[in-house]
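**Student:** Predicted model, plus sequence, below.
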Amino acid sequence: MSRKPVEIVASAVENHGSGREAVMEMLTDVNRELGYIPEEAIRAIAAAVGVSNAEIYSVLSFYSFFSTEPRGRNIVRLCKTISCEMNGSRDILAALESELGIKAGETTPDRRVTLETTSCIGLCDEGPAMLVNDTPHTRLTPEEARRIVAGLE
Amino acid sequence: MPNISVTINGVTRSVREGVTILEACETAGVEIPTLCYHPDLSLAGNCRMCLVEVEGWRTLAISCVTPVTPNMKIRTHSKKVRHARRTVLKLLLAAHNVNCPECERNKNCELQELAEKHNITINEFQTSPKPVSFEEASPGVMRDNSRCILCTRCVRTCEELQSVAVIKPVGRSKEVRISTFLDRGLNEVPCTQCGQCINRCPTGALFETSEIRQVWEAIEDPEKFVVFQTAPAVRVGIAEALGFPTDRSTGKMVAAIRGLGVDRVLDTDFTADLTIIEEGYELIDRLKRALVDGDPESVLPMTTSCSPGWIKFIEHKYPDLLPNVSSCKSPQQMFGALAKTYLAGKESVDPSKVICVSVMPCTAKKFEKERPEMRDSGFKDVDFVLTTRELASMIQEAGIDFANLRDEKYDKWMGDSTGAAVIFGATGGVMEAALRTAYEVVTGQEIPFNGLNITPVRGMEGIREASVTMPEKMARGYEFLAGATLKVAVAHGLVNADKLMDKVRAGEVDYHFIEIMACPGGCLGGGGQPIPTSPEIRQKRADAIYAEDAALHFRKSHANPEVQLLYAEFLHEPLGHRSHELLHTHYRARD
Amino acid sequence: MSEMKVLTADQQPETGAALKRALEMTAADVVFEVRESGMRGRGGAGFPVGIKWNLAGAASGTDKMVICNADEGEPGTFKDRLLIEKYAKQLLEGMTIAGYAIGSSRGIIYLRAEYTYLIPAITEARRELIDRKLMGSYILGGSFNFDVEVRPGAGAYVCGEETSLIESLEGKRGEPRNKPPFPVNSGYLCRPTIVNNVETFVNVPHIILNGSDWYRELGIGDTTGTKLFSVSGDVERSGVYEMQMGSTIGELLELAGAKDVQAVQVGGASGATIAADELDRRLSFEDLPPGGSVIVFNRSRNMMNVLENFLEFFVHESCGQCTPCREGNVRLLDTARAIRDGRITSREELKDFFMLAEIMKLGSKCGLGQTSPNCFVDIVTKFVELPGGKGGM
């Protein structure tokens, strides 16, 4: 049973305090648990910190990892930067898109997977590479990539 | 700070240590173009328009944020600087909806002016403006992000001056836009509609929701009886809006409005005086109930209610303090309610044919008139609200030669004004007017300030306080106030209101009466006033307001002959039955 | 893979030895030693570390902060990832020594969200150091306290810029600040703050143990010590290599096994693009600024695709705050595409865009916009044939 946004924010406040400098951690906690940051969470964070809702929305909209739209239970972030591209990330993307039946930036209708492309993830020596949630997968082949996402719950 | 020596364009000068390059150049009479800089706001350093060359620096310096250092050698129009400015301008213009003739700010746009000054005639960057995005549903303030240059002056205004913080940069890089919580409309977020963002926007990305078309249609409709009311601050703003130096131009303004073809030109000052009477009696009543009767429902301090931006602010942010707000409607709404009752009777016209148009220094008034509770006359009390800028635009459209107009007078029944009403336009003015009247009511004597000028409540300090001690001998019925000290405070700019209300909420202050105006400087700095604004400009308008007060025959609201007639014939007594019906209102908490 | 050695030896100093030595010195002497070593920041900008520490140490203000920039985001860089995986204890020891040196008891590691999986390595190292009294309260039984927490980034390259990083730590948009004030005087929560890269902190224990003279000898001229390079692209052995400062780029490529080289990107997307005839250039601040990323392109690669990839990166990662960077990168990307598609056909047509690149370098607020045009200038100048010769001015 997943927790409500306000509950996640409440425990984030407990863990990190309610100072302005805890905002990134609050957002990260909500984003990790729910896959996105819903309106109630933004309101709760704004109230806890004592700033406007717009301010929290402004902050989170700056960061690629945060989203206000519901996303999949799993987030696949394929590196699109040059070293991975030279190692064939475009083929990996094509394989992922066909396996999942969605384009980069989209979520499968069953909300199983959100597929994103991302700036360099620091795995250039082992590209093409992607992060599935927080876990790196390296030296991908199209087959391997298909197998990985097919296995996601 | 001691003085240091710097060289600007080869000329060595002595400047105060700690000033910025921009300030040093300004002192030296060297102009540096700016866009994101505004004298009312913190420094952003974003637009990169004010780049200058400093000898020995790897990069160009941002003059608005960089402090001068001893022996700094500054060049403000070297080749590099010129190229940088031109490049910045071209980049901004390429991303801008350059459709100047259709823009509210055509000929009063800082981007346009700089483009002209820098002779930008060809832009090698292909134009790709953001899509046009009008804010249709907001009653007072409209946005068009296709004209936005992301200088963040509006963002800083909303946060730093108004403590509202509903507009923020959203997104990153080329996706960045000035927006609201979840990109909602301004009418769906706690925007006060104060319009201070409009006053500081260098382009036309923010502007008022125009009602010019509707007003012309009403004027042109022979069936309609069009009544104009003009707020106190408009008379010191209209000349400026038409391109003349700041001056009080009440008579010319009346003539110009009459020239538009309206049926009656009347004065919001009339209901400003009326507000003072109603609000003054309300204050005395609250004091009596609190001090004598021990009535727990009589809440102090009482705050003013004339500023609709302030009212919306407190409804959003301090709903628990709403009982502190005076129940008096604002002068605009009192006027509307009386125009369709009292005035319609006096003029023998069908109230359903009366169209009440307000000219206001304000955009929040456009929101206020839409409040569902503002229909006590049986009709919508105020039909349309024009800002000072919109009135100027209509005067220009009608081809009226404002400079050569002869002064004219307001029409009768609701056209009399006192100096007390005029100073409503400046921060502290309502307080001063209220004290002039309330003191006299409770003591039977004039308030003991030289020339009725209650200087402690004047000025531009964000929060000011004063106290007035009552004499031992009081007018009959007010003995309970003998020797009492009335403590008052004045705040302007919602950031100051915010500070003050925090203290009220915490019980840290013991004021009896607080005047709050949403806009810096009061209504003279309102969101509907001429653009640009700055502390100097607002001071000039304030000087004009106080000059008008000094020049008027009647200086106290209760001396207004037409207000006296109104009570004698229609209202009968302050806080009476009809007053409650037409002139008082209530508020509600908002999310 | 992984040739990584740190300061050229696989054998690493005993954990805590450097800290022990540092605590026997005065704080001023520790700063002095680091300053004498001539070490410059390993994050890319190359600001002298000792000077930074000295300024922060001398700054008035309490609650001074030691911040580790682990927001490694430059395309082609992964050395900090490997350092954290392998040398987290050295990193924490380096931060602790920095804390002692500037008079700070609090450190933060700002870790990019993409490296969340590295948190356990840091947490375990911290726990061990605290157990061994090498961190935490009463370090080594003395009166010095120092502890470190890990704080998350959330996917914004610009947060590698130190003032953006501080803004982000304060819970704000990662937009660079205006300077002054500098972080050494007013950084995180207005406290005197040093921000140093992972590799910088990992170097510190070595400097304290082996002395500044030893460190200086590892380099060339004013570029002292060694440098870790993340090598990727068209090489046989991609990985992290430690080179003495002053080595040539050719020597590095030799180690990594590069063949048929057309171009090398040194210092990541924001660094310099050099051609095959420049491989004898030296990795030093005097010649080829030694950023941590080296990407090799062989002759089969279309450099215009490379340029497009880099500029797409910058268009995505600009904070959007200042005009030259926000608008300029978009224009450079448009232009790169126009060249690739043959819509720009002469040198003359590029003149204005070279001017734009120059103004971005001179007028952008932070390092991102000041360096993002480098790839445009280098690649278009060196690798694009247009009527009138190569693309440059």
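**Tutor:** Cool, the structure landed.
**Student:** All the helices of the stretch 251-400 of chain B, residue numbers only.
**Tutor:** For the stretch 251-400 of chain B, helices defined by DSSP state H, counting those that start in this stretch occupy the ranges B:268-291, B:308-317, B:331-338, B:344-347, B:364-368, B:388-397.
**Student:** mind putting the ones you listed in a markdown table, distance to residue B:8, mean pLDDT and mean neighbour count included?
**Tutor:** No exception for glycine: its C-beta is placed from N, CA and C like everyone else's. Below are the helices of the stretch 251-400 of chain B laid out as a markdown table (distance: least, C-beta to C-beta, whole Å; pLDDT from 0 to 100; neighbours: other C-beta atoms under 10 Å in any protein chain shown):
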| stretch | distance to residue B:8 | mean pLDDT | mean neighbour count |
| --- | --- | --- | --- |
| helix B:268-291 | 49 | 96 | 24 |
| helix B:308-317 | 42 | 98 | 24 |
| helix B:331-338 | 49 | 98 | 29 |
| helix B:344-347 | 64 | 97 | 17 |
| helix B:364-368 | 43 | 98 | 29 |
| helix B:388-397 | 37 | 98 | 22 |
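**Student:** which ones are touching residue C:220?
**Tutor:** By C-beta atoms under 8 Å, 6 or more residues apart in numbering or on different chains, the residues touching residue C:220 are C:244, C:245, C:246, C:282, C:284, C:286.
**Student:** care to break chain A down by domain?
**Tutor:** A:5-60, A:74-150 (automatic domain parsing).
**Student:** so what's the most centrally placed residue in chain B closest to, chain neighbours aside?
**Tutor:** Centroid check for chain B by C-alpha atoms, centre = their mean gives residue B:526 as the closest residue, at 1.3 Å. Nearest residue to residue B:526, sequence neighbours excluded (C-beta to C-beta, 6 or more residues apart in numbering or on different chains): residue B:361, at 3.5 Å.
**Student:** gap between the residue in the stretch 251-400 of chain B that chain C sits nearest to and residue C:194?
**Tutor:** When scored by C-beta to the nearest C-beta, the stretch 251-400 of chain B has residue B:317 as its residue closest to chain C, at 21.4 Å. Applying C-beta to C-beta, to the nearest Å, the value for residue B:317 to residue C:194 is 39 Å.
**Student:** element containing residue B:448?
**Tutor:** If you go by DSSP states H and E, residue B:448 is not part of any helix or strand.
**Student:** And the pLDDT at it?
**Tutor:** You'll see residue B:448 listed with a pLDDT of 92.
**Student:** Whatever residue of chain A ends up closest to chain B: neighbour count?
**Tutor:** Residue nearest to chain B within chain A: residue A:58 (3.5 Å; C-beta to the nearest C-beta). For residue A:58, the count of nearby residues is 25 (other C-beta atoms under 10 Å in any protein chain shown).
**Student:** Might one say that residue C:339 is in contact with residue C:302?
**Tutor:** No - assessed by C-beta atoms under 8 Å, residue C:339 is found out of contact with residue C:302, at 11.2 Å.
**Student:** Out of the helices of the stretch 251-400 of chain B, which is closest to residue C:190?
**Tutor:** helix B:308-317 (26.8 Å; C-beta to C-beta).
**Student:** Assign the closest residue to residue B:195 other than its chain neighbours to helix, strand or coil.
**Tutor:** Nearest non-adjacent residue to residue B:195, counting by C-beta to C-beta, 6+ apart: residue B:527, 1.9 Å away. Put simply, residue B:527 is coil when judged by DSSP: H, G, I helix; E, B strand; the rest coil.
**Student:** So residue B:527 is in contact with residue B:360, correct?
**Tutor:** No - Residue B:527 lies out of contact with residue B:360 (C-beta under 8 Å); the separation is 9.4 Å.
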